[in-house]
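Participant: Model the following, please.
(chains A and B)
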Number of protein chains: 2
Amino acid sequence: MKIAILLYDRFTALDAVGPYEILARMPDTEVVFTAAKRGPVRADLGSLALTADAALDEVTSADLVLVPGGPGSRVQQEEPEVLDWLRAVDATTTWTTSVCTGSIVLAAAGLLTGRRATTHWFVPQALAAFGAEPVDERVVFDGKYATAAGVSSGIDLALHLVGRIHGAETAQGIQLLTEYDPQPPYAAGSTKTAPPAVVDAVRARFGAVPS
Amino acid sequence: MKIAILLYDRFTALDAVGPYEILARMPDTEVVFTAAKRGPVRADLGSLALTADAALDEVTSADLVLVPGGPGSRVQQEEPEVLDWLRAVDATTTWTTSVCTGSIVLAAAGLLTGRRATTHWFVPQALAAFGAEPVDERVVFDGKYATAAGVSSGIDLALHLVGRIHGAETAQGIQLLTEYDPQPPYAAGSTKTAPPAVVDAVRARFGAVPS
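Facilitator: A predicted model of the protein is given here:
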């Protein structure tokens, strides 16, 4: 199985690395990180770069493609080279997937039109603007299109994918190997559970710093 | 606050990037990825490299140091340059931390002698061999030493750290921003919850492929 993970300037690192850590442990799986050009691609916080081992034009097919989100996704939504690449690769995939605002890039490429999809909780309207149907769930499957909510949700998405591709035992084995037995010290991971003051503070910050 | 994250050949990517994604979002925080030499450092699965922006000798102090785990940690346990660096930086830190088998490297450097610590569930005996007291918990604090269990547990560790450094509201804000509201499709993240056949299969694999 060949997996292609898209990188671009100012992507969010965990969006890509969370699912990578799960998916790359499937049997007989090859992963390639790809970007407009080969070399280091800097994530949104500035202090981390991941290496793209292949340029987009070197990756002409994939069984699974994954698009991470991040502040830089806004630029990708309007980048013909990236949108063309996504459409071309999507024509070859068994699974076309995203994390966070990566789904908005997929939608901008026309791949989610009329489909149920999710994204970061702050921007469902952007999905709708590109013709998708935003769903307030952590992981959403619609046919071969699988989208995850914000940042860390890509880990859950990946376990769902492994389960569908190789069955529950393989997914559980990878979950155990990566010790994914989450015990967050707070229950603040969604707007439904976070204290209202925390939700307001994050909303205010988003308002000030467009992502 | 200056955070140094150690990279080395065959580290596990999520061990480093999970906590990075949380810690780097603290206010007034600067993160540097560091390795024996500058440049790309390949993770354990071969298909991903992270960039070290500084060589170890360029990082002479840190408020927080984090050591990820991975199969390559075995080599690091016997690498005088790395152990010397950890001892020197530890003398300057407020927090010395690890994920997965990263704690075994800290222990090998003599930093966990007599201290409670955790590591990946498969290798507590390695911690004990270096004089630490293995504890079967996901996140363990002993003074300024904070260790996390396997791979994904670094996210929980990081939220604990943000809570201690900046208080619950800041930690909750970062949790909401990264939408860390885990919903794994299986309850297989620990040997206590995974089906026995899955535990046996992973144990057999570890036995065959030393990590």
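Participant: Say whether chain B is contacted by stretch A:131-142.
Facilitator: Yes - on the criterion C-beta under 8 Å from any C-beta of the partner chain, stretch A:131-142 is in touch with chain B at A:138-139. (C-beta placed from N, C-alpha, C; glycine too.)
Participant: and that stretch, how far apart are its ends?
Facilitator: End-to-end span of stretch A:131-142 (C-alpha to C-alpha, to the nearest Å): 14 Å.
Participant: what's it in contact with?
Facilitator: A:103, A:107, A:110, A:112-119, A:121, A:124-125, A:127-128, A:146-149, A:153, A:156-157, A:160, B:179, B:181, B:183 (C-beta atoms under 8 Å, 6 or more residues apart in numbering or on different chains).
Participant: and what of stretch A:187-195?
Facilitator: Against stretch A:187-195 from outside (C-beta under 8 Å, 6+ apart): A:121, A:152, A:198-199, A:202, B:169, B:171-173, B:175-176, B:178-182.
Participant: repeat that with 6 Å
Facilitator: Applying C-beta atoms under 6 Å, 6 or more residues apart in numbering or on different chains, the external contacts of stretch A:187-195 come out as A:121, A:198-199, B:172, B:175-176, B:179-181.
Participant: how about that stretch: buried residues?
Facilitator: A:188-191, A:194-195 (16 or more other C-beta atoms under 10 Å in any protein chain shown).
Participant: which residues touch the residue most central in space within chain A?
Facilitator: With distances taken as C-alpha atoms, centre = their mean, the residue of chain A nearest its centroid is A:Val99 (2.0 Å). By C-beta under 6 Å, 6+ apart, the residues touching A:Val99 are A:15, A:68-69, A:148, A:154.
Participant: try 10 Å
Facilitator: A:5, A:11-12, A:14-16, A:18-19, A:66-70, A:118-120, A:139, A:146-158, B:179 (C-beta atoms under 10 Å, 6 or more residues apart in numbering or on different chains).
Participant: What's opposite A:Glu30 in the beta bridge?
Facilitator: A:Lys2 (DSSP bridges).
Participant: Confirm for me that it is in contact with A:Ala54.
Facilitator: No - contact criterion C-beta atoms under 10 Å: A:Glu30 and A:Ala54 do not qualify, at 11.3 Å.
Participant: what number of residues lie near A:Gly131?
Facilitator: The local packing of A:Gly131 (other C-beta atoms under 10 Å in any protein chain shown) involves 14 other residues.
Participant: which stretches of chain A form helices?
Facilitator: Using DSSP state H, the helices of chain A run over A:13-23, A:73-76, A:80-90, A:102-108, A:124-129, A:153-166, A:168-177, A:196-208.
Participant: now A:Asp57: how far from A:Val89?
Facilitator: Noted for A:Asp57: a distance of 11 Å to A:Val89, by C-beta to C-beta, to the nearest Å.
Participant: just A:Asp9 next, same as before
Facilitator: Applying C-beta to C-beta to A:Asp9 and A:Val89 gives a distance of 20 Å.
Participant: which of the two has more neighbours?
Facilitator: Neighbour totals were compared for A:Asp9 and A:Val89, and A:Val89 leads with 21 against 15 (other C-beta under 10 Å).
Participant: can you pull the contacts of the more buried one?
Facilitator: A:4, A:6, A:34, A:56, A:59-62, A:64-65, A:96, A:109.
Participant: Would you reformat those as JSON lines and include neighbour count and distance to B:Pro40?
Facilitator: As requested, the contacts of A:Val89 are arranged in JSON lines below (neighbours: other C-beta atoms under 10 Å in any protein chain shown; distance: C-beta to C-beta, whole Å):
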{"residue": "A:Ala4", "neighbour count": "24", "distance to B:Pro40": "19"}
{"residue": "A:Leu6", "neighbour count": "27", "distance to B:Pro40": "18"}
{"residue": "A:Thr34", "neighbour count": "25", "distance to B:Pro40": "15"}
{"residue": "A:Leu56", "neighbour count": "23", "distance to B:Pro40": "19"}
{"residue": "A:Val59", "neighbour count": "23", "distance to B:Pro40": "19"}
{"residue": "A:Thr60", "neighbour count": "11", "distance to B:Pro40": "24"}
{"residue": "A:Ser61", "neighbour count": "12", "distance to B:Pro40": "26"}
{"residue": "A:Ala62", "neighbour count": "23", "distance to B:Pro40": "22"}
{"residue": "A:Leu64", "neighbour count": "25", "distance to B:Pro40": "24"}
{"residue": "A:Val65", "neighbour count": "26", "distance to B:Pro40": "23"}
{"residue": "A:Thr96", "neighbour count": "24", "distance to B:Pro40": "28"}
{"residue": "A:Ala109", "neighbour count": "25", "distance to B:Pro40": "29"}
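Participant: Quick check: which ranges of chain A have low pLDDT?
Facilitator: Low-confidence segments of chain A, defined by pLDDT under 70: A:208-211.
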